[in-house]
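Visitor: no sequence on this one, just coordinates:
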């Protein structure tokens, strides 16, 4: 009986963790022109052009000031470890 209860408790814990992960992902949002946005993704690839060569990685909590938006991508200045202009995929901001 104790084994059944432990298994049920472990299953419930996994459901709660899964819900927490989905909640975090659902809170990510598109960027806004002229706004210095905060990165919500754990790692966000910084690129030379939309879908182009990777030029670095922005990490959770770093910021990105948007100066141009095209469908699915934003251009701007990456603050933090990169400190350079480039592109990131839209939809990963807090």
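Guide: Cool, the structure landed. Small disclaimer: the values here were computed from a predicted structure and weren't measured. Residues are numbered from 1 along each chain as shown.
Visitor: residues in contact with the closest residue to residue 84 other than its chain neighbours?
Guide: Distance criterion Cβ to Cβ, 6 or more residues apart in numbering; nearest residue to residue 84, sequence neighbours excluded, is residue 78 at 6.0 Å. In short, each C-beta sits where N, CA and C put it, glycine included. For residue 78, the residues meeting the contact criterion (Cβ atoms under 8 Å, 6 or more residues apart in numbering) are 46, 56, 58, 62, 63, 64, 84, 85, 86, 88.
Visitor: narrow these to those that are buried.
Guide: Listed as buried from the contacts of residue 78 are 46, 56, 58, 62, 63, 64, 86, 88; burial here means 16 or more other Cβ atoms under 10 Å.
Visitor: what mean pLDDT does stretch 50-66 get?
Guide: Confidence over stretch 50-66, taken as the mean pLDDT, stands at 97.
Visitor: before we move on, back to that, and which of the contacts of residue 78 is nearest to residue 38?
Guide: Closest to residue 38 out of the contacts of residue 78 is residue 63 (5.5 Å), distances taken as Cβ to Cβ.
Visitor: that closest one contacts residue 81, correct?
Guide: No: under the criterion of Cβ atoms under 8 Å, residue 63 lies out of contact with residue 81, with a separation of 11.3 Å.
Visitor: flag every buried residue along the single longest strand found in the chain.
Guide: Using DSSP state E to define each element, the chain has its longest strand at strand 63-70. For strand 63-70, a neighbour-count test (16+ other Cβ under 10 Å) marks 63, 64, 65, 66 as buried.
Visitor: and the next helix or strand past that strand?
Guide: Moving toward the C-terminus from strand 63-70, the first helix or strand encountered (DSSP states H and E) is strand 73-78.
Visitor: now the following helix or strand past that next one: mean pLDDT?
Guide: Read in the C-terminal direction, the helix or strand following strand 73-78 is strand 84-89, with elements assigned using DSSP H and E. Strand 84-89 carries an average pLDDT of 98.
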